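Visitor: can you look at this prediction? I've put the sequence above it.
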Amino acid sequence: MRCCLIVASGIPLHMYVASPYAIPPLIAGVAMLVLGLTAVVRERCSRVAVACLLMATTLAIWLLAYVGVYSSGSEDLALWWGRRAYIGVALIPAGVMYFVVTCLGLYGRFRIAIWTIWAVGAFFAVAALTSDVLVAGVHRYWWGYYPYYGWMGVPFLAYFFSLLLLTLVLFRREYRKAEPGTAHAHRIRGVSLGLAIAYLGSVDFIAKYGIAVYPCGYVPLLVFFCISAYTIRRYRLIDITAASTANEIIDTMTDALVVVDNESVIRLVNPAARALLGATALEPTGRPIAAIAGAMFTAPLAELRDVGTLRDREIAASRPDGTVATLSLSASTLRDVRGEAIAAVCLLRDVTGSKLAARALAEAKELAETANRTKSEFLASVSHDLRTPLNVIIGYTQLHAEGAFGTTTPDQDDALQRVLRAASDQLTLVQDLLDLARIEQGKLSYQLVPVPVSTLAQSMFDTMDTLLRDRPVTFAVDVDADAVALADPERLRQVLVNLLVNASKFTDSGTIHLTAAREDGSVRIVVSDTGRGMTPELRDRALEPFVCGDEGRGWGLGLAIVARLVQLFDGSLAIDSTPGQGTTVAVCLPAAEGVEYPVARVSASA
């Protein structure tokens with residue numbers, strides 16, 4: 001300690017005396033500096049951490065200068081150190097005030113006041129150094145020399161204590177506004193408690209007026225040190241926000257960030273921008289953008305000056321390997337406090353891969369649609385060509401069965417019936433294929449009119465008698481009289497027939513139930529059975545063409561056609577099925593009330 005005093009003051013060593021009263025302020029002063037440096041390191045040189053260091057520095061100057069006062073062997077030397085102490089003492093209110101408003105996020109509001117307080121503090125410090133109006137001399141007390149005030153002491157103390165009181169008022173006000181239990185509230189409470197205790201160090205001013213009260217202000221300062229150290233460690237000095245983590249966010253961005261000033265000079269780039277622009281081997285900051293990226297920014301930046309913002313503008317960029325990349329550019333104008341444009345903030349993303357993928361997807365979609373159209377046209381053509389010979393076969397078979405070509409034997413009758421059923425099944429398949437092709441081609445004509453579901457349901461009994469012949473299956477119908485749907489009558493009949501045929505295929509015994517009722521402006525038609533049900537995998541694909549769940553029997557067109565017809569009628573379809581328990585197919589169609597009829601339509605191709 002004594003060597004340090006020689007270097008600092010240039011005064012010979014024999015001018016100092018060993019004093020145990022110099023040790024406590026020495027410890028407290030060093031602790032203040034450690035606190036300030038800890039805050040700077042922990043908070044990565046944030047503004048509030050720098051404010052904490054400035055406050056700690058003013059306190060440390062005061063305490064360490066008093067080490068020299070207590071160790072002085074003469075009155076002149078003690079006075080010399082006492083006046084140097086006021087480089088710190090006079091600036092303590094400004095340091096504390098700056099720390100408080102910064103910690104509370106109020107610096108912008110109090111900026112002018114803070115600079116004024118620093119100026120006033122500097123005035124008192126100069127007065128203490130250059131004259132005796134503030135520090136007039138020193139008293140000799142039992143603990144050593146101690147400065148006393150001149151006439152400027154009273155104004156200085158008024159300035160000192162009014163500002164310390166103001167800091168407590170600010171803390172109290174912000175604490176009431178803070179959300180209870182948050183880190184911000186705990187931080188305010190911890191720092192304000194520490195400062196309130198530190199203010200008890202003002203007891204040191206009593207001895208400046210000739211009253212022999214030992215200046216033990218270092219004790220509350222040590223308590224302040226402990227409380228502040230805990231608060232910084234537990235709650236930090238600032239919230240973790242986008243602003244406090246801006247550098248980390250910029251460095252970890254996958255998008256390239258480039259900030260260019262009004263002279264087209266690069267002012268900021270992140271690592272992603274360096275890689276995208278091929279500037280990994282040189283420092284792009286401070287260079288013209290054209291020297292790094294060529295002319296690709298010229299037109300966008302010129303447009304940005306006119307419009308102020310660009311979004312997803314695609315530009316071409318040459319890569320270092322000679323290939324051309326497609327970049328998506330979004331940019332905005334950075335303005336100063338006066339609203340004047342000072343820079344352009346540009347975000348770039350390499351969308352070459354996504355553009356190629358989108359192009360490949362569009363080409364694949366076009367190929368698939370072409371193939372689907374070709375398939376539909378082929379099915380329509382083949383179905384049309386097959387329908388005529390099948391009608392001839394059915395017609396002549398019926399004539400034979402009716403005896404138009406002579407009497408037939410029972411065996412011949414049985415053979416003719418087999419031929420007739422097989423030809424009818426094939427004609428139904430051909431008609432289904434033709435309907436499916438027409439729907440997918442957008443060529444199916446239909447007319448929306450009110451259709452009483454009850455009338456169609458009653459006509460299903462004959463069909464079900466044929467389908468359920470010789471099987472222990474009960475067919476039941478429960479249809480409300482007001483269940484009138486807006487649909488095409490023949491196509492709605494086709495929907496019901498397909499649903500019932502599908503249910504009969506999967507039901508060996510039990511019940512098939514057809515219900516219909518009005519529900520909130522819609523007509524809900526439900527066909528349920530107690531048959532074999534469907535697996536989840538089959539249920540998910542049941543509405544796709546040619547997906548058959550009847551162990552290879554049938555062509556899997558019934559539900560596919562139902563789904564497409566229901567969609568044409570602006571309706572919806574849902575399937576609920578459990579293996580071993582049965583299947584329920586629910587169709588919702590618009591109700592017929594309040595609609596002008598008839599409404600003629602032609603299906604639109606997908």
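Guide: Noted; the coordinates are in hand.
Visitor: where exactly do the helices run in the stretch 451-600 of the chain?
Guide: Along the stretch 451-600 of the chain, counting by DSSP state H, counting those that start in this stretch, helices occupy 453-458, 460-467, 489-506, 536-541, 558-568.
Visitor: could you list every helix and strand in contact with the second one?
Guide: Spelled out, it's helix 460-467. Contacts defined by 3 or more CB pairs under 8 Å, 6 or more residues apart in numbering; DSSP states H and E place helix 460-467 against strand 473-479, helix 489-506. Using the backbone N, CA and C atoms, a C-beta is placed for each residue, glycine as well.
Visitor: average pLDDT for the strand or helix carrying residue 234?
Guide: Following DSSP states H and E, one finds residue 234 within helix 218-235. Mean pLDDT, computed over helix 218-235, is 78.
Visitor: what comes up buried for it?
Guide: Applying a neighbour-count criterion of 16 or more other CB atoms under 10 Å, the buried positions in helix 218-235 are 218, 220-225, 227-229, 231-232, 235.
Visitor: which outside residues touch the helix or strand just after it?
Guide: Downstream of helix 218-235, the next assigned helix or strand under DSSP H and E is helix 246-252. Helix 246-252 is contacted by residues 242, 257, 268, 270-271 when judged by CB atoms under 8 Å, 6 or more residues apart in numbering.
Visitor: how about the strands in the stretch 501-606 of the chain?
Guide: 510-519, 522-529, 572-578, 582-590, 599-602 (DSSP state E, counting those that start in this stretch).
Visitor: now render those as CSV, adding mean neighbour count, distance to residue 483 and mean pLDDT.
Guide: Formatted as CSV, the strands of the stretch 501-606 of the chain follow (neighbours: other CB atoms under 10 Å; distance: least, CB to CB, whole Å; pLDDT from 0 to 100):
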stretch, mean neighbour count, distance to residue 483, mean pLDDT
strand 510-519, 18, 4, 92
strand 522-529, 22, 5, 93
strand 572-578, 16, 16, 91
strand 582-590, 21, 10, 92
strand 599-602, 12, 19, 49
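Visitor: to residue 111, which of the ones you listed lies closest?
Guide: Taking CB to CB as the criterion, strand 572-578 is the member of these that comes nearest to residue 111, at 63.1 Å.
Visitor: which neighbours in the sheet does the closest one have, and how are they oriented?
Guide: If you go by DSSP bridges, strand 572-578 pairs up with strand 582-590 (antiparallel).
Visitor: show me where pLDDT drops low in the stretch 251-400 of the chain?
Guide: 280-281, 320, 372-373, 375-388, 390-392, 396 (pLDDT under 70).
Visitor: wait, doesn't residue 157 sit right on residue 206?
Guide: No. Assessed by CB atoms under 8 Å, residue 157 is found out of contact with residue 206, at 11.0 Å.
Visitor: gap between residue 225 and residue 32?
Guide: 7 Å (CB to CB, to the nearest Å).
Visitor: ok, residue 340 next?
Guide: Computed as CB to CB, the residue 340 to residue 32 distance reads 42 Å.
Visitor: now the helix or strand harbouring residue 29: buried residues?
Guide: For residue 29, the enclosing helix or strand under DSSP H and E is helix 23-42. Going by neighbour count (16+ other CB under 10 Å), the buried part of helix 23-42 is 24-29, 31-33, 35-36, 38-40.
Visitor: so what touches the helix or strand where residue 186 lies?
Guide: Element membership of residue 186 [criterion: DSSP H and E] is helix 183-198. Here helix 183-198 makes contact (CB under 8 Å, 6+ apart) with 96, 100, 103-104, 167-168, 171-172, 174-175, 178-179, 220-221, 223-225, 227-228, 230-231, 234-237, 239.
Visitor: what angle sits between that helix and helix 218-235?
Guide: 170 degrees (axes from the mean of the first three to the mean of the last three CA atoms, to 10 degrees).
Visitor: so for helix 183-198, mean pLDDT?
Guide: 81.
Visitor: now do the buried residues in it.
Guide: Neighbour-count burial for helix 183-198 [16+ other CB under 10 Å]: 184-188, 190-198.
Visitor: still on that earlier bit, could you dump the strands of the stretch 501-606 of the chain into CSV and include distance to residue 389?
Guide: Supplementary listing: these in CSV, determined by distance: least, CB to CB, whole Å:
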stretch, distance to residue 389
strand 510-519, 34
strand 522-529, 34
strand 572-578, 34
strand 582-590, 34
strand 599-602, 29
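Visitor: kind regards, and thank you for your time.
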